[in-house]
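Chemist: Take this sequence and fold it.
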Amino acid sequence: MAELRLRGVRKSYGSVEIIKGIDLDVADREFVVFVGPSGCGKSTLLRMIAGLEKITAGDLTIDGARANDIDPSERGLAMVFQSYALYPHMSVAENMGFALKIAGVPAQERGRKVKEAADVLQLAHLLDRRPKALSGGQRQRVAIGRAIVRNPKVFLFDEPLSNLDAALRVSMRLELMRLHEQLKATMIYVTHDQIEAMTMADKIVVLNGGRIEQVGSPLDLYNRPANIFVAGFIGSPKMNLVKLKVASTGADGVGVSLPGGKTLTVPVEAGGAKAGDEVLLGIRPEHLKIAPDGRLRDRQHWPSGSVA
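Modeler: Reported below is the predicted structural model:
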């Protein structure tokens with residue numbers, strides 16, 4: 001497969017800058033997910049990697065070779081789109097082998113590659129059908145199969161599960177994770193669904209406003225968000241963010257003043273905070289517990305309140 005590197009990558013449409021200086025490394029065989037709100041630039045960035053959008057500034061390298069000016073068909077990448085992009089008048093086999101046919105691959109070799117991909121994707125019994133006779137999940141597997149037969153260096157997925165119902169999305173996530181393991185492939189996957197990102201990725205790239213907010217493993221982002229945006233975006237339900245003032249700092253953590261005059265000691269490094277500074281306390285909903293009898297063994301470390 002392949003390693004991919006972005007350095008200072010930017011994209012502008014006229015005077016409007018969409019991608020604002022991206023630096024990123026994607027390792028060989030890594031499953032990387034671009035996640036962020038709608039309009040953050042994740043699909044644009046993926047299309048720039050694929051060569052479907054021109055890079056305004058910066059460098060894209062694939063296996064150490066600069067790829068900015070290389071034609072999309074010669075980059076060794078394969079892209080799977082949200083809309084499947086299947087030809088309705090062609091059979092499953094013809095759809096899967098079409099790119100090979102255009103490339104001049106002999107019919108016998110083309111048939112062998114299509115059969116191998118169909119076996120991997122459990123599509124062998126559907127090769128003679130047309131797309132209209134397939135379910136949404138089957139159509140998505142055909143689109144993936146069309147990418148597999150090309151034996152690309154990197155697979156690119158642009159929100160491929162968005163058109164599927166919730167139950168089918170779950171099964172297709174498992175299917176893609178199995179494929180990643182089986183093909184030992186480098187994959188870059190775009191989604192706005194942070195649950196999808198957390199369950200599938202080796203590494204998550206959180207994008208917002210055309211910039212990278214944080215890069216890390218799912219647990220890194222969940223346990224150590226780099227800023228308020230990541231803290232609020234990653235996690236379902238979202239993290240609660242409470243504005244408080246620092247009461248004290250010490251070896252055991254940071255003391256913050258709670259409404260009502262009590263102090264809560266949070267076991268974190270002060271990071272330059274001092275008494276009187278205003279801070280945001282982030283609390284995951286699943287980290288809160290209710291004491292049924294109203295009694296807590298260690299009151300100084302817990303806030304008290306009423307359930308309304």
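Chemist: host element of the residue positioned nearest the centre of the chain?
Modeler: Of all residues in the chain, the one closest to the mean position by C-alpha atoms, centre = their mean is V33, 2.4 Å from it. Using DSSP states H and E, V33 maps to strand 31-35.
Chemist: For that strand, enumerate the helices and strands it packs against.
Modeler: helix 42-50, strand 186-191, helix 194-200, strand 203-208 (3 or more C-beta pairs under 8 Å, 6 or more residues apart in numbering; DSSP states H and E). In this view, the C-beta of every residue, glycine as well, is placed from N, C-alpha and C.
Chemist: Pull the distance from the first one to the chain's centre.
Modeler: Centroid separation between helix 42-50 and its chain, computed with C-alpha atoms, centre = their mean, to the nearest Å, is 13 Å.
Chemist: relative to strand 186-191, how tilted is the strand holding V33?
Modeler: For strand 31-35 against strand 186-191, the angle by axes from the mean of the first three to the mean of the last three C-alpha atoms, to 10 degrees is 20 degrees.
Chemist: Now strand 31-35: average pLDDT?
Modeler: Strand 31-35 shows a mean pLDDT of 98.
Chemist: Could you list the paired strands of it along with their orientation?
Modeler: Strands adjacent to strand 31-35 in the sheet, as given by DSSP bridges, are strand 186-191 (parallel), strand 203-208 (parallel).
Chemist: For L207, which residues are in contact?
Modeler: F34, V35, G36, C40, G41, K42, L45, E213 (C-beta atoms under 8 Å, 6 or more residues apart in numbering).
Chemist: Need those residues in CSV (columns: distance to V190 and neighbour count).
Modeler: Shown next, in CSV, are those (distance: C-beta to C-beta, whole Å; neighbours: other C-beta atoms under 10 Å):
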residue, distance to V190, neighbour count
F34, 5, 27
V35, 8, 26
G36, 9, 27
C40, 10, 22
G41, 10, 22
K42, 5, 27
L45, 8, 27
E213, 15, 21
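Chemist: the strands in the stretch 51-200 of the chain, which residues?
Modeler: 57-62, 65-66, 77-80, 154-158, 186-191 (DSSP state E, counting those that start in this stretch).
Chemist: Break this protein into its domains for me.
Modeler: Listed by automatic domain parsing, the domain ranges of the chain are 4-233, 240-301.
Chemist: Single out the most deeply packed of those domains.
Modeler: domain 4-233 (a mean of 18; mean count of other C-beta atoms under 10 Å).
Chemist: Pick out the shakiest of the helices and strands packed on strand 31-35, pLDDT-wise.
Modeler: helix 194-200 (a mean of 92).
Chemist: Give me the three-state assignment for the closest residue to K184 other than its chain neighbours.
Modeler: Excluding its sequence neighbours, the residue lying closest to K184 (C-beta to C-beta, 6 or more residues apart in numbering) is R29, at 5.4 Å. Assigned by DSSP: H, G, I helix; E, B strand; the rest coil, the conformation of R29 is coil.
Chemist: just checking, R29 touches L183?
Modeler: No - counting by C-beta atoms under 8 Å, R29 sits too far from L183 to count as a contact (9.1 Å).
Chemist: how close does L183 sit to E196?
Modeler: Taking C-beta to C-beta, to the nearest Å as the measure, L183 falls 19 Å from E196.
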